[in-house]
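In: next input, structure requested:
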Amino acid sequence: MLRSTFISFLLYGLLATAAHGADEHGIEAQLVKSLQAINDNRLDIALNEVNSLLRANPNFKLAQLVKGDLLMARAGGINNFGSAANAPHDQIEDLREEARIRLQRVLSRTDTKLTPRFLWQLDVRQKYVLVVDTSRATLFVYQNVNGVPRYVTDFYVTIGKLGTEKISEGDLRTPIGVYFVKADLPKNQLADMYGSGAYPISYPNEWDRKNSRTGSGIWVHGTPSDTYSRAPRASNGCVVLANEDLEKLAPYLQVGITPVIITNRMDWYNEQDQNDRQALLQEVEAWRKDWSNLDTHAYLQHYARDFSSDSMDYPAWAKQKQLVNSTKSWVKVSLSNLSIFSYPEQPGLTVVNFDQDYSSNNLSNRMKKRQYWIKKNNRWQIIYEGAT
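Out: Numbering: from 1, shown residues only. Here you go, the predicted structure:
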């Protein structure tokens, strides 16, 4: 009886396929083996698999639930996944959802040769980039190999209790956007709820603030010491990993450098992205040249009329640039360490980061700069610009 209800709930008809492709993902692979054994009515083998899983991860509540069901099934006392008497309904539903997502991760493995469409260009210093696909509760790690993103690994994650599209403080949602790791907070500086460490990310970013989104304290962090993992939606908005997974992730993170892109759904780089990237690079270069040539009129044409910086709208920006350029007899501008990220859920929006080296007859400086370029009427224009 347990076998049929497990099959109904967890799509056992596909588990044989899953088992063949799960070798490199230990937790999901072992869970699949246990459930496949249940599918085959080999409950002793299933119990051995889940016991092995629990020896390695004693606080893995989903595995504890499967073990409990198996023990009760031996005595004929259960006919559904997590249907033991007095089982807390909300907690069982959370574990059922975790089981579904973990199996989905195995059943729908990503083609590791594909490139996420968000990664248009990586700075040589960005050794790795993270992409969180919230629909699959998965954090992907890509390595920068001579400018080409290459898949490294991925991890199961938890996001906000109420999903994504964070708007305001305390809304229990995870933001969607392009962010960067801001800090590395060790375990000894944290409450137990954050697990083995935490990495704050840069929410709210410039686009969030431009759209009046509020809140703070969005971190990538671990789980409490008495918990292995949690349901796919169980955080207050953070991206949460099992502690052992966070420790595996840590070597890939560079404070102030590593991008963390959070999306509702993973999309893949295509020919249109390539064309848009080339057109954008041409516009960035034209912007640089027009500035260097002190062609203020042409320079300002690169800015959208709804442009803003941290303190100025377009009219104020234009007035300031006209005033400043009137004092210059010559200007040189060079850009280096350029990176470009296409913004999730915002068609035609990109984040461009670079180091800017500026010199003129009366001023020289070097700064890190970030621009947001938006495609309007088939032309790229700057909608935000500021130092980072």
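In: quick one: distance of stretch 151-158 to the chain centre.
Out: Relative to its chain's centre, stretch 151-158 lies at 10 Å (Cα atoms, centre = their mean, to the nearest Å).
In: now that stretch: mean pLDDT?
Out: Across stretch 151-158, the average pLDDT comes to 96.
In: can you give me the buried ones in it?
Out: 151, 153-158 (16 or more other Cβ atoms under 10 Å). Using the backbone N, CA and C atoms, a C-beta is placed for each residue, glycine as well.
In: kindly report the same for stretch 41-61.
Out: 43, 46-47, 49-50, 53-54, 57, 59-61.
In: buried residues in whichever helix in the chain runs longest, which are they?
Out: Using DSSP state H, we find that the single longest helix of the chain is helix 271-292. By neighbour count with 16+ other Cβ under 10 Å, helix 271-292 contains the buried residues 273, 276-277, 280-281, 283-284, 287-288, 290-292.
In: what separation do you get for Trp317 and Ala242?
Out: Distance of Trp317 to Ala242, computed by Cβ to Cβ, to the nearest Å: 47 Å.
In: neighbour count winner among the two?
Out: Using other Cβ atoms under 10 Å, the more surrounded residue of Trp317 and Ala242 is Ala242, with 24 against 18.
In: wait, that one sits on Tyr156?
Out: Yes: using Cβ atoms under 8 Å, Ala242 is in contact with Tyr156, at 7.3 Å.
In: any common contacting residues for these two?
Out: Listed as contacting both Ala242 and Tyr156 by Cβ atoms under 8 Å, 6 or more residues apart in numbering are Ser229.
In: can I see the domain layout of this protein?
Out: 2-107, 119-263, 271-387 (automatic domain parsing).
In: so which of these is nearest Lys113?
Out: domain 119-263 (7.6 Å; Cβ to Cβ).
In: measure that closest one end to end?
Out: 12 Å (Cα to Cα, to the nearest Å).
In: lowest-pLDDT helix or strand in the chain?
Out: helix 15-20 (a mean of 42; mean pLDDT, DSSP states H and E).
In: thinking again about what came up before, what's the closest of the buried residues of stretch 41-61 to Ser229?
Out: Nearest member of the buried residues of stretch 41-61 to Ser229, counting by Cβ to Cβ, is Phe60, at 6.7 Å.
In: was I right to think that closest one contacts Arg230?
Out: No: between Phe60 and Arg230 there is no contact under Cβ under 8 Å: 10.8 Å.
In: Pro58 versus the residue nearest to Phe60 when sequence neighbours are not counted, what's the distance?
Out: Nearest residue to Phe60 in three dimensions, chain neighbours excluded: Tyr228, at 3.8 Å (Cβ to Cβ, 6 or more residues apart in numbering). Separation of Tyr228 from Pro58 (Cβ to Cβ): 8 Å.
In: what about the strands in the stretch 51-200 of the chain?
Out: In the stretch 51-200 of the chain, the strands defined using DSSP state E, counting those that start in this stretch lie at 119-121, 128-133, 138-145, 148-156, 159-160, 177-180, 185-186, 197-200.
In: moving C-terminal of the last one, what's the next helix or strand?
Out: By that I understand strand 197-200. helix 206-210 (DSSP states H and E).
In: next secondary structure after that next one?
Out: strand 219-221.
In: sheet partners, orientation included, of that following strand?
Out: strand 197-200 (antiparallel), strand 239-240 (parallel) (DSSP bridges).
In: show residues contacting the last one.
Out: When you say that, I think you mean strand 239-240. Contacts for strand 239-240 (Cβ under 8 Å, 6+ apart): 132, 139, 157-159, 174, 195, 218-223, 230, 234, 260, 262.
In: ok so, going back, can you add pLDDT and give the buried residues of helix 271-292 back as a markdown table?
Out: Shown next, in a markdown table, are the buried residues of helix 271-292 (pLDDT from 0 to 100):
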| residue | pLDDT |
| --- | --- |
| Asp273 | 96 |
| Asp276 | 97 |
| Arg277 | 97 |
| Leu280 | 98 |
| Leu281 | 98 |
| Glu283 | 98 |
| Val284 | 98 |
| Trp287 | 98 |
| Arg288 | 98 |
| Asp290 | 98 |
| Trp291 | 98 |
| Ser292 | 98 |
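In: just these now: which is nearest Thr327?
Out: Trp291 (14.3 Å).
In: so what's that closest one up against?
Out: Neighbouring residues of Trp291 by Cβ under 8 Å, 6+ apart: 299, 331, 333.
In: now the first one: closest residue in space that isn't a chain neighbour?
Out: Spelled out, that is Tyr299. Tyr299's closest residue in space is Asp290 (Cβ to Cβ, 6+ apart), at 4.2 Å.
In: Val50 contacts Phe60, doesn't it?
Out: No: the criterion here is Cβ under 8 Å, and Val50 misses it with Phe60 at 9.2 Å.
In: need the pLDDT of the residue minimising distance to the centre of the chain.
Out: In the chain, the residue lying closest to the centroid (Cα atoms, centre = their mean) is Val132, at 2.6 Å. In the predicted model, Val132 carries a pLDDT score of 98.
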